[in-house]
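> Give me a 3D structure for the following:
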Amino acid sequence: MAKEELPGVLILDIGGTHGVLEDLAALLKKHFCLITMKEFLENKREMGKKIQSIFVFECRPTIDHELLESLPNLKVIGNSGVGVDHLDLKTIASFGVKVTNTPHAVADSTADIGMALMLASARRLVEGNV
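Numbering: from 1, shown residues only. I've put the predicted structure just below:
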């Protein structure tokens, strides 16, 4: 009995300056066949058919009309960030593709940093760190 092929997910890269973190890539590999942008660009016709999802990490890869046209089986774009301002939702929706994000993922840490900055400012802590 043949092993069922995992759905393909397009990512910019693994590691490096703008790639998906290696630990996160390991988690994604449990559920998806990872396809980097380089692999996709080397063989658009074959890879385009395999990709059912795009994982956007730190606003990359850029989702444009040309990319969407080259992915006939694309179903969902998963954005790892809070907002989706960097995505053209109207264009994406015109291809019948859904968009997800993580709206509360950094709420606690943002509040913590905000409080720390206010306390540091009120107590003039930065001035004492010479």
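> C-alpha from now on. contacts and neighbour counts both.
Noted.
> Just to be sure, S121 is in a helix?
Yes. Per DSSP: H, G, I helix; E, B strand; the rest coil, S121 lies within a helix segment.
> quick one, longest strand in the chain?
strand 51-56 (DSSP state E).
> Touching that strand from outside, list them.
Strand 51-56 is contacted from outside by 7-12, 35, 71, 73-80, using C-alpha atoms under 8 Å, 6 or more residues apart in numbering.
> Mind doing that once more with 7 Å?
7-11, 71, 73-80 (C-alpha atoms under 7 Å, 6 or more residues apart in numbering).
> How far does it sit from its chain's centre?
Relative to the centre of its chain, strand 51-56 is centred 8 Å away, using C-alpha atoms, centre = their mean, to the nearest Å.
> could I get the next helix or strand after it in PDB with only the CA atoms?
Following strand 51-56 in sequence order, the next helix or strand is helix 65-69 (DSSP states H and E). This file holds the C-alpha atoms of helix 65-69, laid out as PDB (Å, rounded to 0.1, in the frame of the first residue of the first chain):
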ATOM      1  CA  HIS A  65      -1.300  37.800  -9.000                       C
ATOM      2  CA  GLU A  66       1.400  36.000 -11.000                       C
ATOM      3  CA  LEU A  67       2.200  33.600  -8.100                       C
ATOM      4  CA  LEU A  68      -1.500  32.900  -7.500                       C
ATOM      5  CA  GLU A  69      -2.000  32.100 -11.200                       C
END
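> Go through helix 65-69 and flag the buried ones.
Going by neighbour count (16 or more other C-alpha atoms under 10 Å), the buried part of helix 65-69 is L68.
> mind listing what the following helix or strand past it pairs with, with the direction of each?
Downstream of helix 65-69, the first helix or strand assigned by DSSP H and E is strand 76-79. Strand 76-79 pairs in its sheet with strand 51-56 (parallel), strand 98-100 (parallel), by DSSP bridges.
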